[in-house]
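Asks: build me a model:
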Amino acid sequence: MATEVQSLLAIDIGATNTKVNLFDIVGGRYRFISYGEAPSTAGAPLFDIGEGIWEAIAALERKSHRKIISEEGALIAPSTPENTGVDLVVATMSAGKPLKVLAVGLQQDVSLQAAEQLAATTYARVVDTISLNDRRSESERINLIAQTRPEVILMAGGTNDGASRSLLNLIEVVGLASYLQDESHKPHVLYIGNEELHSEVKSSLSRITDLHLAPNILPLVGSKTLYPAQKEYFSIFKEVRKKQSSGISQLLSWTNGQFASSATAISRVVRFLSKKYEPDKGVLGVDLGSQSTVFSAAFDGEEALRVFPYLGMGTGSPTVLERSSLGKITRWLPTAIPESRVEDYLHQKYLYPASVPTEPGELALEHALARQVLRIAVKEGLKFLPDGARQTQPDLLPLVEPIIGSGKVLTEAPSRAHSTLILLDGLQPTGVTTLALDQNGLLPALGAVSPHSPLLAVQVIESSTFLNLGTVIAPVGYARPGTPILRMQIQREDGRRSTREIKYGSLMVLPTHQGEKVTLHLRPLHGFDVGMGGPGRSGRVSAVGGALGVIIDARGRPLQFSSDPERNQKRNQQWLKILQKFE
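Replies: Numbers count the residues shown, from 1 in each chain. Below you'll find the predicted structure:
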């Protein structure tokens, strides 16, 4: 049951850093007070999350001049009139090896695909799949499970009044394979198929392995419901993490047994905002982590969450080469850097994920890597959009409002122009949207606290938690560079009016003060689409000036590159200079 508290401590355990955030009531409203940060200790050599948490809390105590831990080393809870301690602790975690998941389903393009989609909602990787279509014998399937040693087996298939016999055959295979595994490697089995078979599933698997039952993710033909299964899936995530790293039991004692994956927490915020903002648009949140990237989109409460393990800015950097190429990274560079140096940089980031750029070339590489990570996340994330998503073209980002970017590569960039251009280039939004920056890294904390204290989450979100980088106008269509594609009439609050003609291939900024409201009448030309209901449709929008004003991105979607690297480099330099003029 949700309750309201005076003060709250949110702990987020990442692959590289552990962060603690303190919230309290100031002037009758909840506010973010301060934070502490320390290197994470979930992995080698300690494999104990507790050390990183203690160090982060100590840093918070020094910054906030508030005691959280007593002299005896215990958490002070509830808070005291002397302004020590906290009333509630919540925790999120992204650190640790991704879960090894085996997906099992009847049809490859239906139930198996749904099981893989569920697998991707937390920090996991699908090591293999089994379906009726794969033509492997029963013994080959059993050997596959024995060889891959999955930590989790997701079993899907059949509507609630559908297939049973074929599904029971697959259940028998999973049961035999689990029986043959030694106790230390028996998998968690999450059954998310035909609910009429629950009793048969229990009798076949409950005594052999750790069985979990959840509602059918495909209850009816053409219907998919992942959210109820996600809760049980995450309980498995928690159990596996407890075995991988010490200190989680103590953390659970602080949080009353509750904690969430960082990705799940982020998706809660995105889902909440999708119900709060424009009903005909969605909300997008992206988190660029060291080891993983999170892509969360929601449309009127219906979400598409995708976690990309080993795709990130640190230990996840080499995967970028596996999913794309060196050329797709170097195309984002503003200067020429030898490919050998690019490869070396990626491997150094893998070995030393906490390292930071120390000279312009390294910074350019870091930001080029971030752009390509986002391109991969968008391409894969688009495959799982719910039906409510409105796209101007199938391969482009749907209409969303706002877009929230999170991650140190964005928040610690040298300027807001750098952060903005990374998001513009990597995500390539369409229509009219707002770019927002999670400048204090609070998305996981707010998602974790929302079930316990909704008012805290709402009031902090409505404060200056997210920095408005700017309203973005991005027409979609094709034309020759220099062709006029949009006429824009601007009306300011003081009554001044002006008109701008936007040419294809351009990136420009309409100067406005932070928070200044302007009314824009958009008239697309030559069949371009600005999200007003279709190609060529005009409309009026209210825009709020951000840190960089109002940005008109008429560079085209998707962005096109020259075969001449030097030409790409000059263009990248020019784009950054345009935005830097208006910081």
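
Asks: leaving out the residues flanking it, which one is nearest to residue 353?
Replies: Excluding the flanking residues, the one nearest residue 353 by Cβ to Cβ, 6 or more residues apart in numbering is residue 314, at 2.6 Å. Every C-beta, even on glycine, is put in place using the N, C-alpha and C of the backbone.

Asks: quick check, residue 321 in contact with residue 346.
Replies: Yes: assessed by Cβ atoms under 8 Å, residue 321 is found in contact with residue 346 at 6.6 Å.

Asks: mind telling me what element residue 418 is part of?
Replies: helix 416-427 (DSSP states H and E).

Asks: quick check: next helix or strand after that helix?
Replies: Using DSSP H and E, the helix or strand that follows helix 416-427 towards the C-terminus is strand 431-438.

Asks: residues contacting the helix or strand just after that next one, please?
Replies: Downstream of strand 431-438, the first helix or strand assigned by DSSP H and E is helix 443-449. Residues outside helix 443-449 that contact it (Cβ atoms under 8 Å, 6 or more residues apart in numbering): 8, 10, 12, 21, 23, 88, 90-92, 94, 259-260, 262, 264-269, 285, 287, 404, 406, 456-457, 460-461, 465.

Asks: among the residues you listed, name the buried ones.
Replies: Buried members of the contacts of helix 443-449, scored by 16 or more other Cβ atoms under 10 Å, are 8, 10, 12, 21, 23, 88, 90-92, 94, 259-260, 262, 264-269, 285, 287, 404, 406, 456-457, 460-461, 465.

Asks: among these, which are in helices?
Replies: 262, 264, 265, 266, 267, 268, 269, 456, 457, 460, 461 (DSSP state H).

Asks: quick one: residues contacting the last one.
Replies: With contact set as Cβ under 8 Å, 6+ apart, residue 461 has these partners: 269, 273, 446.

Asks: mind checking how far the residue lying closest to the first one once chain neighbours are set aside is from residue 166?
Replies: Right, the one you point to is residue 269. Distances taken as Cβ to Cβ, 6+ apart place residue 447 nearest to residue 269, at 4.7 Å, with adjacent residues excluded. Residue 447 is 38 Å from residue 166, where distance means Cβ to Cβ, to the nearest Å.

Asks: ok, those two, which is more surrounded?
Replies: Neighbour count, other Cβ atoms under 10 Å: between residue 447 and residue 166, residue 447 has more, with 28 against 15.

Asks: look up how far residue 400 lies from the more buried one.
Replies: Counting by Cβ to Cβ - residue 447 and residue 400 are separated by 18 Å.

Asks: center of this protein, which residue is that?
Replies: The centroid of the chain falls nearest to residue 294 when counting by Cα atoms, centre = their mean (2.3 Å).

Asks: can I get the contacts of residue 461 in TSV including distance to residue 161 and pLDDT?
Replies: Shown next, in TSV, are the contacts of residue 461 (distance: Cβ to Cβ, whole Å; pLDDT from 0 to 100):
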residue	distance to residue 161	pLDDT
269	37	93
273	37	91
446	40	94
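
Asks: ok, the residues you listed vs residue 471, which is closest?
Replies: residue 273 (16.4 Å; Cβ to Cβ).

Asks: the closest one contacts residue 297, correct?
Replies: No: at 11.0 Å, residue 273 does not count as touching residue 297 under the criterion of Cβ under 8 Å.

Asks: who has more neighbours out of those two?
Replies: residue 297 (29 against 20).

Asks: tell me how many other residues crowd residue 497.
Replies: 10.

Asks: mind checking the SS state of the closest residue to it other than its chain neighbours?
Replies: Spatially, and ignoring its direct neighbours in sequence, residue 497 is nearest to residue 491 (5.2 Å; Cβ to Cβ, 6+ apart). The three-state label given to residue 491 by DSSP: H, G, I helix; E, B strand; the rest coil is strand.

Asks: what residue spans form the domains of this structure?
Replies: 8-93, 99-244, 264-580 (automatic domain parsing).

Asks: ok, which of those comes nearest residue 251?
Replies: Using Cβ to Cβ, the domains of the chain put domain 8-93 closest to residue 251, at 5.5 Å.

Asks: measure that closest one end to end?
Replies: Using Cα to Cα, to the nearest Å, one end of domain 8-93 lies 17 Å from the other.

Asks: average pLDDT for it?
Replies: Average pLDDT, domain 8-93: 93.

Asks: I'd assumed residue 172 was in a helix, is it?
Replies: Yes: Residue 172: assigned to a helix according to three-state DSSP.

Asks: thought it was touching residue 203?
Replies: No: if you go by Cβ under 8 Å, residue 172 and residue 203 don't touch, sitting 11.5 Å apart.

Asks: hmm, back to that, distance of the residue nearest to residue 269 relative to residue 161?
Replies: On the measure of Cβ to Cβ, residue 447 and residue 161 end up 36 Å apart.

Asks: now residue 281
Replies: 36 Å.

Asks: re earlier: more neighbours: residue 172 and residue 203, which one.
Replies: Just comparing residue 172 and residue 203: by other Cβ under 10 Å the higher neighbour count belongs to residue 172, 14 against 10.

Asks: show me the one of the domains of the chain that comes nearest residue 255.
Replies: Minimum separation from residue 255 across the domains of the chain (Cβ to Cβ) falls at domain 8-93, 5.1 Å.

Asks: hmm, back to that, mean confidence for the helix holding residue 418?
Replies: Rounded mean pLDDT across helix 416-427 is 98.

Asks: and it, what does it pack against?
Replies: Here helix 416-427 touches strand 282-288, helix 360-381, strand 400-406, helix 408-411, strand 431-438, strand 466-474, strand 550-554, helix 565-580, going by 3 or more Cβ pairs under 8 Å, 6 or more residues apart in numbering; DSSP states H and E.
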